[in-house]
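S.K.: using only what follows, build the 3D model:
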Amino acid sequence: MVEKVYFVQSHSINPYYNQALQKYLFSHVPDNSMVLMLWKNIDTVVVGNQQNAYMSLNLRNFELEHTYLARKETPDRIVYNDLGCLNFAFFVYQNNYNIVNQVNVIYQALSQLGLSIYLDVNNEIMMGKNRITDSSFVTSGERCQHSGTIYWDADKSKRSRLIRDEKAKGALANITDTSPLVSMDSLTRKILQSLADRYGPVYQLSVGEDLDDLADQFRSLRYIYQIDRPYTLIINDTFDAGHMVIYVDMLRRNITSVSVYSDSEDNDRFRDSLMAALNGLRVDDVLFRRRISQVEERYRNDITRIYETIQKDSYSL
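M.R.: Numbering: from 1, shown residues only. The predicted structure is shown next:
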């Protein structure tokens, strides 16, 4: 049971500081409590940790568009932020983690603003045929985070210019598309009221920690672009599961690691199957057949193609 509810509002619009604050709160949730964080970012595109920025984005436009690039530590979809977006994150322990209740805090707040909305099967809030939220769900041990972005009055045209992949763009709507009189302040107030209605009194939580070093980690170009990532082979191809860039590290015909970058947000099962089949494998047909027999049948052709490419290219190493 959630015994106490806390609220943190970041007064920074720097995406790297806000990432640092999220990470701090995720690691410091008080026992039997929930923390809700709200924040806004200056113009920023945030990619997941399995996405290749060069492949997914029109990077040449970022400087012209005065836009930051950030990377999450989790394999989420690409998200665009500007001051027309309100970001939220619930931090809670596993025993109190309830996606339905958390989504309903946001849903009820939007409903009270008179919006005609509904939930889709992925717990995204929809208006007409377009979503007005982008959400992600993270669990690490006993700690959980449910975060998301509410599109109030985002620059959809700029978002389209920055994001290359059509699947990643998706179809978004702004609240102001149909309700231009809804303000960001009223949205924030409704969320806090909805939080109190569902969980009880809400207390302000202050964070006195210096988060500059942690923010610098998220700001690092090495982290954002992963430019020092070691690899031996690169496979860049389109598969049934989507277009992927696969980095393969090898030592004496042993596959020491496999990493996958993809623009599709639906490839987690394929990625897990690929890594289970190839990570730590010696390039040997008998050993590969044993591994591939444990993989879902629908992925076997693609993974076999990848293995055969590694097998061929490894002879030249």
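S.K.: sec struct for the residue positioned nearest the centre of the chain, please.
M.R.: The centroid of the chain falls nearest to residue 76 when counting by C-alpha atoms, centre = their mean (2.5 Å). Three-state call for residue 76 (DSSP: H, G, I helix; E, B strand; the rest coil): coil.
S.K.: how close does it get to residue 233?
M.R.: Per C-beta to C-beta, to the nearest Å, residue 76 is found 27 Å from residue 233. Using the backbone N, CA and C atoms, a C-beta is placed for each residue, glycine as well.
S.K.: for residue 196, same thing?
M.R.: To residue 233, residue 196 is 55 Å away according to C-beta to C-beta.
S.K.: the more surrounded of the two?
M.R.: residue 233 (18 against 14; other C-beta atoms under 10 Å).
S.K.: still on that earlier bit, isn't the residue nearest to the centre of the chain right up against residue 145?
M.R.: No: Residue 76 lies out of contact with residue 145 (C-beta atoms under 8 Å); the separation is 10.9 Å.
S.K.: any weak-confidence spans in the stretch 151-300 of the chain?
M.R.: Under the criterion pLDDT under 70, the flagged ranges of the stretch 151-300 of the chain are 166-170, 227-231, 262-267.
S.K.: go with 80
M.R.: 165-170, 225-232, 241-243, 252, 261-268 (pLDDT under 80).
S.K.: all strands of it, in order?
M.R.: Ranges of strands in the stretch 151-300 of the chain, per DSSP state E, counting those that start in this stretch, are 202-204, 233-239, 242-251, 254-262.
S.K.: quick one: low-confidence parts of the stretch 1-150 of the chain?
M.R.: In the stretch 1-150 of the chain, residues with pLDDT under 80: 50, 52, 54-55, 75.
S.K.: can you rerun that using 90?
M.R.: 1, 30-31, 48-60, 63, 73-77, 141 (pLDDT under 90).
S.K.: tell me the contacts of residue 105?
M.R.: By C-beta atoms under 8 Å, 6 or more residues apart in numbering, the contact list for residue 105 reads 36, 90, 191, 194, 195, 198, 199.
S.K.: so which strand or helix has it?
M.R.: Assessed by DSSP states H and E, residue 105 sits inside helix 99-111.
S.K.: helix or strand right after that helix?
M.R.: strand 118-119.
S.K.: quick one: contacts of that following strand?
M.R.: Residues outside strand 118-119 that contact it (C-beta under 8 Å, 6+ apart) are 103, 107, 125, 126.
S.K.: burial count for the third one?
M.R.: Other residues lying near residue 125 total 23 when counted by other C-beta under 10 Å.
S.K.: list the contacts of it.
M.R.: Applying C-beta under 8 Å, 6+ apart, the residues near residue 125 are 103, 106, 107, 110, 117, 118, 119, 131, 132, 133, 150.
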